[in-house]
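Chemist: sequence-free structure coming up:
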C-alpha cells in the first residue's frame with residue numbers, strides 16, 4: 001500500500017521506540033491528525049521526559065514493555081531505526097496487514113526539497129555535515145539531518161523546493177523505505193558491521209544498496225570504487241560516477257586534490273589547507289565534490305567552503321599532546337575498518353586503545369596493519385579477550401579496567417613522536433552512554449595527564465563502570 005500525505009489523518013499509527021526518531025515521528029503525525037500510540041521498552045528519565053512532551057497531543061503510551069494487546073489496533077507502524085521489526089519479538093505484536101514504514105520514509109512522503117543522501121559503513125556524518133556546510137556557504141539553504149542526530153522529518157517541515165536536505169542514512173533506516181528517492185545518493189564504503197542485526201554480510205550490502213532503488217535517470221549515484229564489485233547484482237537507473245583509487249573526475253594524490261579533465265589536470269587544494277586529517281577524509285572530500293558538481297556547485301567554490309569547515313568531534317580529532325606524544329580521539333571508530341583507516345592515515349607508530357562491546361567482526365583482517373603501525377594495544381570493555389587473542393602474538397596487549405587507566409597505560413608505553421589513538425573497533429554501550437561520552441572521557445583523561453595529575457580523580461567519570 002503506497003502512502004501519501006493524506007494517508008495518516010484519523011489513522012491508528014503505532015510508533016515503536018521513543019528515541020529522537022520515534023519522538024519526532026509521533027509529534028509530526030499527532031500534529032497532522034493521526035491517532036498515535038507509542039510503545040517503548042525503556043523507562044528512564046529521557047523517555048519519561050519525551051512522554052511528557054507528547055501528552056498534550058493525546059498520544060497513548062505503553063512504557064516498559066511491548067505487548068500485542070497495545071499494538072492490536074495499529075494500521076500503520078513506524079519502528080525506530082534501532083528496532084528490528086522483523087525479529088520474533090515484533091512479529092508477534094505487529095498486526096497482520098499493518099503498513100510498516102520508518103521515519104525516513106515518513107519524511108520522504110512530506111518532503112519538498114532536493115535530497116542528497118549519504119550512506120556507508122564509515123564517514124557518513126563527516127560527509128553529510130560537509131555537504132550541508134558547503135551548500136549553506138554558497139547561499140543555499142541546507143539542513144544536515146537523518147542518522148546524524150536531527151530527524152529528517154523535522155527538516156522536511158521547514159524546507160522548500162529550493163532547499164536541500166542532506167540526509168545521513170543508516171542501513172537500519174533503509175530497511176523501511178518505499179518511495180525515498182534522493183536526487184544524489186552517495187555510498188562511501190561497505191565493510192563488516194552490524195552482524196547483530198543483518199546476520200550476514202550479503203544482507204548488509206543489500207540494505208546499503210537500497211539507497212539507489214528509487215532513483216531514475218535524472219538522479220546521480222556517487223560510489224567509491226571499492227564497492228564496484230557489488231554492482232552486477234543491482235540495477236542502478238541513475239547516472240553512476242566513481243571516486244577513489246585514482247578513479248573519477250577528482251583524485252587525491254601526493255597531498256593534493258586534483259580535478260581531471262581532457263584538457264589538463266588542475267590542483268584545486270592541498271591537504272595541508274584542509275581542516276580534516278587522514279587519507280580517508282581526503283577521499284571523503286572527493287565524494288563531496290562529485291555530489292556538489294551534480295547540483296551545480298563548482299570545485300573552486302566547494303573547496304573555499306571546505307577550508308572553513310570545523311571537523312566533527314570524535315572523528316580522528318587531536319585532543320592533546322604530552323612529551324611529543326599526540327592523543328587522537330577516534331571514538332566514532334566503532335568497527336574494524338574504521339580503525340584500519342585511522343591507522344593507515346598515521347605516519348607515526350601508535351599505541352592503540354581498543355575495546356568495548358563486540359559487534360561480531362573479524363579482528364584478524366587488520367593483523368598486517370597492526371603489525372606495521374601499532375607498538376602496543378591497550379584493551380578495555382567486554383571485547384578484551386577477543387582482541388587479546390587476535391593480536392597478542394604480534395604486539396603487546398595490555399588490559400585496563402577503565403578508559404582513564406587505558407590512557408595512562410598508553411602514555412607509559414609511548415615515546416616522543418608516537419600517537420595514542422582511541423579507535424575502539426567496538427560499540428561503547430558496555431561502559432558508556434554512547435561513543436560521544438566515550439570520546440569525552442578520553443579527552444578529559446588526556447587533559448588530566450596534561451595537568452600532571454598522577455592518579456585517577458575522586459570518583460568515576462560519568463558512564464564508566
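Modeler: Right, received. Where do you want to start? Just so you know, these numbers come straight off a predicted model, no measurement behind them.

Chemist: so residue 216 sits against residue 237, correct?
Modeler: Yes. A contact is recorded between residue 216 and residue 237 when judged using C-beta atoms under 8 Å, the distance being 5.4 Å. All C-beta spots, glycine's among them, are computed from the backbone N, C-alpha and C.

Chemist: have a look at these two and say which one is more surrounded.
Modeler: In this comparison of residue 216 against residue 237, neighbours counted by other C-beta atoms under 10 Å, the higher total goes to residue 237 at 14 against 10.

Chemist: show me this structure divided up by domain.
Modeler: 12-100, 104-306, 317-450 (automatic domain parsing).

Chemist: quick one: end-to-end distance for the longest one.
Modeler: Taking C-alpha to C-alpha, to the nearest Å, domain 104-306 runs 28 Å from one end to the other.

Chemist: do the first one as well
Modeler: Its first and final residues considered, domain 12-100 spans 12 Å by C-alpha to C-alpha.

Chemist: what helix or strand is residue 410 located in?
Modeler: Here residue 410, judged by DSSP states H and E, is contained in helix 403-412.

Chemist: quick check: mean pLDDT of that helix?
Modeler: When pLDDT is averaged over helix 403-412, the result is 97.

Chemist: buried residues, that helix. List them.
Modeler: By neighbour count with 16 or more other C-beta atoms under 10 Å, helix 403-412 contains the buried residues 403, 404, 405, 406, 407, 408, 409, 410, 411.

Chemist: repeat for stretch 271-284
Modeler: 271, 274, 276, 277, 278, 280, 281, 282, 283, 284.

Chemist: what do you get for stretch 333-353?
Modeler: Per 16+ other C-beta under 10 Å, stretch 333-353 contains these buried residues: 333-343, 345-346, 350-353.

Chemist: could I get the full set of helices for the stretch 51-200 of the chain?
Modeler: Under the criterion DSSP state H, counting those that start in this stretch, the stretch 51-200 of the chain carries helices at the ranges 68-71, 88-93, 103-110, 124-137, 152-158, 171-174, 195-198.

Chemist: so how far is the second one off the chain centroid?
Modeler: Helix 88-93 has its C-alpha centroid displaced from the chain centroid by 27 Å (C-alpha atoms, centre = their mean, to the nearest Å).

Chemist: give me the number of residues near residue 67?
Modeler: Around residue 67 there are 11 other residues, counting by other C-beta under 10 Å.

Chemist: wait, it touches residue 93, no?
Modeler: Yes. With contacts defined as C-beta under 8 Å, residue 67 counts as touching residue 93 at a distance of 6.5 Å.

Chemist: could you list the low-confidence segments of the stretch 351-465 of the chain?
Modeler: Applying pLDDT under 70 to the stretch 351-465 of the chain flags residues 452-465.

Chemist: repeat that for 50
Modeler: Applying pLDDT under 50 to the stretch 351-465 of the chain flags the ranges 453-456, 458, 460-465.

Chemist: tell me where it has helices.
Modeler: Shown for the stretch 351-465 of the chain, the helices assigned by DSSP H, counting those that start in this stretch span residues 367-373, 384-391, 403-412, 435-450.

Chemist: distance of the closest residue in space to residue 161 that isn't next to it in sequence relative to residue 449?
Modeler: Taking C-beta to C-beta, 6 or more residues apart in numbering as the measure, residue 161 lies nearest to residue 112, with 5.1 Å between them; neighbours along the chain are not counted. When C-beta to C-beta, to the nearest Å is applied, the distance between residue 112 and residue 449 equals 51 Å.

Chemist: neighbour count winner among those two?
Modeler: Neighbour count, other C-beta under 10 Å: between residue 112 and residue 449, residue 449 has more, with 21 against 11.

Chemist: correct me, but the more buried one touches residue 406?
Modeler: No. Taking C-beta under 8 Å as the definition, residue 449 is not a contact partner of residue 406, at 11.6 Å.

Chemist: of the buried residues of stretch 271-284, which is the nearest to residue 248?
Modeler: Minimum separation from residue 248 among the buried residues of stretch 271-284 (C-beta to C-beta) is found for residue 283, which lies at 10.4 Å.

Chemist: what kind of secondary structure is the closest one in?
Modeler: Following DSSP: H, G, I helix; E, B strand; the rest coil, residue 283 is assigned to helix.

Chemist: what sits against the nearest residue to it once chain neighbours are set aside?
Modeler: Leaving out its chain neighbours, the residue that sits closest to residue 283 by C-beta to C-beta, 6+ apart is residue 244, at 5.3 Å. The contact partners of residue 244, by C-beta atoms under 8 Å, 6 or more residues apart in numbering, come to 224, 225, 226, 283, 286.

Chemist: out of these, which are buried?
Modeler: Among the contacts of residue 244, the ones that count as buried by 16+ other C-beta under 10 Å are 224, 226, 283, 286.

Chemist: now, the most widely separated pair of the residues you listed?
Modeler: 226 and 286 (12.5 Å).

Chemist: in this structure, where is pLDDT below threshold?
Modeler: 453-456, 458, 460-465.

Chemist: can you list the helices of the stretch 51-200 of the chain in JSON lines and add mean neighbour count?
Modeler: Rendered in JSON lines, the data for those read as follows (neighbours: other C-beta atoms under 10 Å):
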{"stretch": "helix 68-71", "mean neighbour count": "14"}
{"stretch": "helix 88-93", "mean neighbour count": "13"}
{"stretch": "helix 103-110", "mean neighbour count": "24"}
{"stretch": "helix 124-137", "mean neighbour count": "23"}
{"stretch": "helix 152-158", "mean neighbour count": "21"}
{"stretch": "helix 171-174", "mean neighbour count": "24"}
{"stretch": "helix 195-198", "mean neighbour count": "17"}
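
Chemist: rewinding a little: narrow the buried residues of stretch 333-353 to those in strands?
Modeler: Counting by DSSP state E, the members of the buried residues of stretch 333-353 that fall within strands are 350, 351, 352, 353.

Chemist: so which pair among those residues is furthest apart in space?
Modeler: In these, the most distant members under the criterion C-beta to C-beta are 350 and 353, with 9.5 Å between them.

Chemist: shared neighbours of the two, anything?
Modeler: Shared contacts of residue 350 and residue 353 (C-beta under 8 Å, 6+ apart): 420, 421.

Chemist: which residue of this structure sits farthest from its center?
Modeler: Distance from the centre of the chain peaks at residue 263, with 37.9 Å (C-alpha atoms, centre = their mean).

Chemist: which residues does the closest residue to residue 179 other than its chain neighbours contact?
Modeler: Using C-beta to C-beta, 6+ apart and skipping residues adjacent in sequence, the residue nearest residue 179 is residue 108, 5.7 Å away. The neighbours of residue 108, taking C-beta under 8 Å, 6+ apart as the test, are 115, 152, 156, 177, 179, 180, 181.
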